[in-house]
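Undergrad: Fold the stuff below for me.
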Amino acid sequence: MALRINQNALQDKLVAHRQFLRGVHGGERLILKLHDAAELIFAKRDVSWAELAGTDLRRCIFFQASMVGISLFAANLEGADLRGADLSKSDLRGITLRRANLEGANLSEADIRDGRLFVQSDNGGYEPVGDGMSRIDEAVLARANLQGARLGGAIGPRTDLSGANLRNANLAKANLAESNLTSADLSGADLSGANLGGCVLQGAVLLGATMDGANFSGADLTASLFKRSDMVEEQLSGAVVAPSLSETGGTISDILHQHSIWVRTLGSEGTQADMSGVDLTGVPLRGVELSAVKMEKATLTGINMTGSSLSMAQLAGALMNRVNCSDADLRGAQLVGTNLRGANLSHARMNRMRIAGGLEAEWPTNLSNADMRGTNLKFADMSNANLERANLRKADFRDANLTEAVFLDTDLTGADFRGATVTGADFRGAVGYKP
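TA: Down below sits the predicted model:
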């Protein structure tokens, strides 16, 4: 029977471990190998390089804990809370993370391959702990960093990997059926022989990924970035793939002409443009009138939209990485979950849109859950904008107007706020904010 440790005893060991990490005399490394520590609290503590191999840690709370290099070999963390935890370079071989919450966790360079732990028995022989298989099925890995992680077949079906960083990850032969990979970065990943059937891959980036023998049957690849030449048609059997504008039977000149009439006549004439789910790569959209356009889940990668009018535009879930929207009017635009990674939004207007005509309503620009890593927002007006839970790592906010903007639970690691106006902005729960 595993030796049980209670919260008070753990507290004493955590204090000693902190001294150990600091090199203080009398410190002692945290070693709880093969213990029963289920449901204990490690939240916001530093347990880096601790030894917890084979330990029962079910439903433990590791919220925002520092766990760099920790050994969790064959440990059981089913249902554990690991939100925002740093597990980089950790040993997670043979681990159980079923139904665990790893939202925003850092697992870069972690070893999550299968691995069996053996312990000496009473008769002098050796017995295995568990079956040696790593399991992360039905877990939440939204916005987690898995870059360079050695995954093996650990990640299973129905896992939330939305917005996760899986660059260069090894997912060969993984069964990810029915998982949520919305806006995930899979560039350079090894997906050979992987099962992605029924997965939601809206806005995902698959450039440079190895996809030999991968199954995308029934997957939703709307607004995802990949080369069809990297796959054979059989792999996309039953998959939802964005059609090009020519495949929809329309021309951009006719669509823009009818839409401009619709805008000018307040909808009494012309036709509102609806290009939702369409691949618009290469379509010229600089300086055009697209107010209130419908472009949800559209592919707009690298398009020049400088000076365009996109006020009240419906762009939720669109793929707009590297788009140039400098000087554009995006007041009141809906960009929920949109991929704007590396986009140029300098001098763009993203403040509230005032609607007259008896309504007297104000619509803030909604960028919640958007991927805006490395986005250029210099001199942009984002007053009152909603950026809740957006990924804003290394975003450039220099000289931007962020008055009363909402940054609840955002990732602002490495973001540049020099010269920005942040009066009344809400940064509760934001990570990495350095004014």
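
Undergrad: the helices in the protein, which residues?
TA: 7-22, 252-264 (DSSP state H).

Undergrad: Which of those has the lowest mean pLDDT?
TA: Ranked by mean pLDDT, the helices of the chain end with helix 252-264 in last place, scoring a mean of 93.

Undergrad: just checking, what packs against it?
TA: With contacts taken as 3 or more Cβ pairs under 8 Å, 6 or more residues apart in numbering; DSSP states H and E, helix 252-264 sits against no other helix or strand. All C-beta atoms are positioned from the backbone trio N, CA, C, and that covers glycine.

Undergrad: buried ones in it?
TA: 252, 255-256, 258-260, 262-263 (16 or more other Cβ atoms under 10 Å).

Undergrad: sorry, back to before: right, so of the helices of the chain, which gets closest to Glu138?
TA: Judged by Cβ to Cβ, the one of the helices of the chain that comes nearest to Glu138 is helix 7-22, at 27.6 Å.

Undergrad: quick one: contacts of that closest one?
TA: Applying Cβ atoms under 8 Å, 6 or more residues apart in numbering, the contact partners of helix 7-22 are 5, 25-30, 32, 37, 40-42, 45-50.

Undergrad: about what we covered before: could you dump the helices of the chain into TSV with distance to Leu77 added?
TA: Converted to TSV, the helices of the chain look like this (distance: least, Cβ to Cβ, whole Å):
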stretch	distance to Leu77
helix 7-22	15
helix 252-264	51
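
Undergrad: Look up how far Leu117 lies from the residue lying farthest from the centre of the chain.
TA: Distance from the C-alpha centroid of the chain peaks at Asn123, with 49.1 Å (Cα atoms, centre = their mean). Remark: distance between Asn123 and Leu117 (Cβ to Cβ, to the nearest Å) = 18 Å.

Undergrad: swap in Gly148?
TA: To Leu117, Gly148 is 24 Å away according to Cβ to Cβ.

Undergrad: residues contacting Asn376?
TA: By Cβ under 8 Å, 6+ apart, the neighbours of Asn376 are 326, 343-346, 396.

Undergrad: so how far is Ala142 from the spatially most central residue of the chain?
TA: When Cα atoms, centre = their mean is applied to the chain, the residue found nearest the centroid is Gly163 (1.9 Å). Separation of Gly163 from Ala142 (Cβ to Cβ) stands at 6 Å.

Undergrad: so Phe118 makes contact with Val129?
TA: Yes - under the criterion of Cβ atoms under 8 Å, Phe118 makes contact with Val129 at 7.2 Å.

Undergrad: what's next to stretch 336-345, contact-wise?
TA: The contact list for stretch 336-345 (Cβ under 8 Å, 6+ apart) reads 182-183, 203, 205, 223, 315-326, 328, 330, 366-377, 380.

Undergrad: Among the residues you listed, name the buried ones.
TA: 182-183, 203, 205, 223, 315-326, 328, 330, 366-377, 380.

Undergrad: Output the buried residues of helix 252-264 as JSON lines; include the columns distance to Leu87.
TA: Shown next, in JSON lines, are the buried residues of helix 252-264 (distance: Cβ to Cβ, whole Å):
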{"residue": "Ile252", "distance to Leu87": "47"}
{"residue": "Ile255", "distance to Leu87": "48"}
{"residue": "Leu256", "distance to Leu87": "49"}
{"residue": "Gln258", "distance to Leu87": "53"}
{"residue": "His259", "distance to Leu87": "49"}
{"residue": "Ser260", "distance to Leu87": "52"}
{"residue": "Trp262", "distance to Leu87": "51"}
{"residue": "Val263", "distance to Leu87": "50"}
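
Undergrad: buried ones in the lowest-mean-pLDDT helix or strand in the chain?
TA: The weakest-scoring helix or strand in the chain, judged by mean pLDDT, DSSP states H and E, is strand 126-129 (a mean of 72). For strand 126-129, a neighbour-count test (16+ other Cβ under 10 Å) marks Val129 as buried.

Undergrad: what's that strand in contact with?
TA: Residues contacting strand 126-129 (Cβ under 8 Å, 6+ apart): 34, 54, 74, 94, 116-121.

Undergrad: Parallel or antiparallel, which strands does it pair with?
TA: Applying DSSP bridges to the sheet, strand 126-129 is found paired with strand 117-120 (antiparallel).
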